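Chemist: Here you go, sequence then predicted model.
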Amino acid sequence: MAGRTPIPVLAVLVVLGALPWIIAAAPANPDDAAAMQSIANTTGAARSLGWGVKSADPCDGAWAGVSCDSAGRVTSIRAASRSGLVGWLHAPDLSKLTFLVELDLGFNSLTGQTGGDLPLLPAPLQHLRALDLRSNRFLDVPDGFFAAFPALETINLDDNPMVGPKLRQDLLTCSRLRSFSANNISLSPFPDYLGSTAAFPALESLSLARNALHGAIPAGFGSNSNIKFLDVGGQSSILTGRIDHSSPA
Ligand SMILES: *[C@@H]1O[C@H](CO)[C@@H](O)[C@H](O)[C@H]1NC(C)=O
Ligand SMILES: *[C@@H]1O[C@H](CO)[C@@H](O)[C@H](O)[C@H]1NC(C)=O
């Protein structure tokens, strides 16, 4: 019988050499790690979730609710539902997480550093698709807030103690929106451009319930749009008008 070829041995060595890479994800990118440590401090996640306490590396699995990609970039932060976060979101920290796809910090007690506003990011997050900040203590939507999220598909700002926040034209940046929810934030001018199919061709779900929307919904609102779910109920003021809703399907 012919001698065994060395190739299988080589293959085994290659597999063994690869093992550490399979077991341990790449360490976090240093900029992401620094931003996450600062976020852990300002939001109170260091105290309530132990972020950064056992490990300085947000990608090593010890940071509850934080996920990274294979290159050590933070892609997802899920610290919702009463994680006990009390503090603020510092916009420049968030801006540094350039690979973030999902941010869910709903049902906490977070506010903004500047007058309680939602964070106004100095540079956009090009990959952020899902943002959930419902049931926190944000007080206003600053002009330009939405411009930081060009890839946004779903957003929920429900139940924040705002007083007459305005949804401005920067929302038009979010042309891939599928779901927009801003219930119970004392919204008052009716954001009629959300009914524009040209501006929001993918919008399927729009919730603006329990606000202070008043006046008349403009004629033609939502005509030919893909909106399948619309809730404008429970306004504290009188909202009139008709919804022309003829879905192309
Ligand atoms: C976070 O807080 C810890 C403990 O107070 C401190 O040592 C560290 O410098 C802070 N890090 C950042 C980035 O704020
Ligand atoms: C509406 O939002 C306020 C915070 O501004 C909250 O206290 C209240 O519970 C919310 N209402 C409902 C019905 O969720």
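Modeler: Received the coordinates, thanks. Numbers count the residues shown, from 1 in each chain. Ligands and ions are numbered 1, 2, ... in the order given.
Chemist: any weak-confidence spans in the protein?
Modeler: 1-25, 82, 241-249 (pLDDT under 70).
Chemist: Please repeat the previous calculation with a cut-off of 80.
Modeler: Counting by pLDDT under 80, the low-confidence segments of the chain come to 1-25, 81-83, 215-216, 218-220, 222-224, 237-249.
Chemist: So which bits of it are right by ligand 2?
Modeler: For the chain, the residues in contact with ligand 2 (CB under 6 Å from any ligand atom) are D159, N160, P161, N184. For the C-beta atoms, the positions are set from N, CA and C on the backbone; glycine is no exception.
Chemist: residues contacting the third one?
Modeler: Taking CB atoms under 8 Å, 6 or more residues apart in numbering, we find P161 in contact with R137, F138, L139.
Chemist: Secondary structure class of the closest residue to ligand 2 within the chain, three-state.
Modeler: Per CB to the nearest ligand atom, the residue of the chain with the smallest distance to ligand 2 is P161, at 3.4 Å. Of the three states, P161 takes coil under DSSP: H, G, I helix; E, B strand; the rest coil.
Chemist: Of the contacts of P161 - the most surrounded one?
Modeler: F138 (23 neighbours; other CB atoms under 10 Å).
Chemist: tell me which residues of stretch 138-146 are tucked away?
Modeler: Going by neighbour count (16 or more other CB atoms under 10 Å), the buried part of stretch 138-146 is F138, L139, D140, V141, P142, F145, F146.
Chemist: Now do the helices in the protein.
Modeler: Listed in chain order, the helices of the chain (DSSP state H) span residues 7-23, 30-43, 45-48, 91-95.
Chemist: May I have the third one exported as PDB, CA atoms only?
Modeler: Presented in PDB, the C-alpha positions along helix 45-48 are these (Å, rounded to 0.1, in the frame of the first residue of the first chain):
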ATOM      1  CA  ALA A  45     -25.300  50.400  31.900                       C
ATOM      2  CA  ALA A  46     -22.000  49.900  33.700                       C
ATOM      3  CA  ARG A  47     -23.900  49.800  37.000                       C
ATOM      4  CA  SER A  48     -27.200  48.100  35.900                       C
END
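Chemist: returning to that earlier point: the residues of the chain next to ligand 2: which two are farthest apart?
Modeler: P161 and N184 (9.3 Å; CB to CB).
Chemist: Can you name the residues that contact S55?
Modeler: A62, W63.
Chemist: do you know how far it is from L49?
Modeler: Plainly put, S55 is 12 Å away from L49 if you go by CB to CB, to the nearest Å.
Chemist: Mutual contacts of those two, please.
Modeler: Residues touching both S55 and L49 (CB under 8 Å, 6+ apart) are W63.
Chemist: since we're on the closest residue in space to H214 that isn't next to it in sequence, how many residues are nearby?
Modeler: Leaving aside its chain neighbours, H214 sits nearest to S237 (3.8 Å; criterion: CB to CB, 6 or more residues apart in numbering). S237 has 10 neighbours, counted by other CB under 10 Å.
Chemist: nearest residue to the residue nearest to the spatial centre of the chain other than its sequence neighbours?
Modeler: Centrality entry for the chain: nearest residue to the mean C-alpha point is L131, 1.6 Å, by CA atoms, centre = their mean. Using CB to CB, 6+ apart and skipping the chain neighbours, the partner closest in space to L131 is I155 (4.8 Å).
Chemist: Distance check, the residue of the chain closest to ligand 2 against T111.
Modeler: Taking CB to CB as the measure, P161 falls 9 Å from T111.
Chemist: Tell me how far the residue lying closest to Q113 once chain neighbours are set aside lies from ligand 1.
Modeler: Using CB to CB, 6+ apart and skipping residues adjacent in sequence, the residue nearest Q113 is W88, 4.5 Å away. Note on W88: its distance to ligand 1, by CB to the nearest ligand atom, to the nearest Å, is 13 Å.
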